[in-house]
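Next input, structure requested:
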Amino acid sequence: MSPEFRKKVRNILFLDLETVASKGAYEQLSPRMRQLWDKRAATIRKRGDYESFTTEELYYEQAGISAEFGRIVCIAFGAVYFNEQDEPALKVSSLSGDNESEMLQAFKTLIERYNQEQLVLCAHNGKEFDFPFLCRRMLVNGIALPRSLQLSGKRPWEILHQDTMELWKFGDYKSYTSLDLLAAIFDIPGSKNEMSGDQVTRVYYEENDLEKIGRYCREDVVVLAQLYLKMNLQPVVRAENITRVAP
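Numbers count the residues shown, from 1 in each chain. Below you'll find the predicted structure:
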């Protein structure tokens, strides 16, 4: 790696979120929130993919991807560094729990340890999902946004966010390309061995298995970091140089 890229990659924090419906069932919502979800469900049905779903089924399937009706149960993050042999290495960890407010406060404390003028947050589809979801849920929980997530009033070039899906689009906004698909075409081992993203709400509420969700989320960060390196024509981190730290 060139000195310029080494300096660049050291300032990047790769991250991924796992989110679930805010309640385990539609019936557990307050009357006011049920009424608002009914309106959201009607809008979702108009897209044509969920015409046969009941309002209750749609809540379980789709509420987790909306910051208004969902919440975060896991945040995984990782950073590239250079080990004693001067080889690129990757350390990945995560925060997870039932108390979203405590988890978000811990994440804020973590990222504020970095130089906020240099910290680059990187996620796949981060500009459409991870970054706004984080900001919205922080505000809902009464947490002031760290500088690296404050976007209001900033010019585009002042926002130090990277999005591997946006990098892959090259200005083409017609389609969504999954992290799993990009991992496959770049010959990077995938993260879907135990579960996939559409199973997170079920695993959380029915299996009560935050550890499993955390493992999945950390593996997504490993894939994300390796993809970023590949897309910048850099060698990936060797498996023996990847450290996964469970909470």
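
Just give me the longest helix of the protein.
In the chain, assigned by DSSP state H, the helix with the most residues is helix 210-231.

Surely residue 160 is in contact with residue 126?
No. Residue 160 is not in contact with residue 126 according to Cβ atoms under 8 Å; the separation is 11.8 Å. In this view, the C-beta of every residue, glycine as well, is placed from N, C-alpha and C.

Looking at the two, which one has more neighbours?
More crowded of residue 160 and residue 126, by other Cβ atoms under 10 Å: residue 126, with 24 against 17.

Give the next helix or strand downstream of the lowest-mean-pLDDT helix or strand in the chain.
In the chain, no helix or strand scores lower on mean pLDDT, DSSP states H and E than helix 3-10, which sits at a mean of 87. As assigned by DSSP states H and E, the chain's next helix or strand after helix 3-10 is strand 12-21.

Pull the distance from that following strand to the chain's centre.
With Cα atoms, centre = their mean, to the nearest Å as the basis, strand 12-21 stands 2 Å off its chain's centre.

Give me the helices and strands touching the longest helix of the chain, please.
strand 12-21, strand 70-82, strand 88-96, strand 120-123, helix 164-169, helix 179-185, helix 200-205, strand 242-245 (3 or more Cβ pairs under 8 Å, 6 or more residues apart in numbering; DSSP states H and E).

would TSV of these with mean pLDDT and distance to residue 58 be doable?
What follows is the helices and strands packed on helix 210-231, written out as TSV (pLDDT from 0 to 100; distance: least, Cβ to Cβ, whole Å):
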stretch	mean pLDDT	distance to residue 58
strand 12-21	96	10
strand 70-82	96	13
strand 88-96	96	26
strand 120-123	96	26
helix 164-169	92	25
helix 179-185	94	24
helix 200-205	92	12
strand 242-245	94	35
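
got CSV for the ones you listed, with distance to residue 64 and mean neighbour count too?
Shown next, in CSV, are the helices and strands packed on helix 210-231 (distance: least, Cβ to Cβ, whole Å; neighbours: other Cβ atoms under 10 Å):
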stretch, distance to residue 64, mean neighbour count
strand 12-21, 5, 24
strand 70-82, 4, 22
strand 88-96, 15, 20
strand 120-123, 17, 23
helix 164-169, 19, 17
helix 179-185, 17, 16
helix 200-205, 5, 20
strand 242-245, 24, 14
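
Please produce TSV containing these, extended by distance to residue 44.
Formatted as TSV, these follow (distance: least, Cβ to Cβ, whole Å):
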stretch	distance to residue 44
strand 12-21	13
strand 70-82	14
strand 88-96	27
strand 120-123	24
helix 164-169	22
helix 179-185	23
helix 200-205	15
strand 242-245	35
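
Relative to residue 142, which of those is closest?
Between residue 142 and the helices and strands packed on helix 210-231, the tightest spacing by Cβ to Cβ is seen for strand 70-82, at 14.1 Å.

Name the strands paired with that closest one and say parallel or antiparallel.
Strand 70-82 sits in its sheet next to strand 12-21 (antiparallel), strand 88-96 (antiparallel), going by DSSP bridges.

then the shortest one to CSV, C-alphas only?
Once non-C-alpha atoms are left out, strand 88-96 reads as follows in CSV (Å, rounded to 0.1, in the frame of the first residue of the first chain):
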residue,chain,number,x,y,z
PRO,A,88,-2.5,-4.7,7.0
ALA,A,89,-4.7,-6.1,9.8
LEU,A,90,-8.3,-5.6,10.8
LYS,A,91,-9.9,-5.5,14.2
VAL,A,92,-13.7,-5.8,14.4
SER,A,93,-15.9,-5.4,17.4
SER,A,94,-19.6,-4.6,18.2
LEU,A,95,-22.0,-3.2,20.6
SER,A,96,-25.4,-4.9,21.1
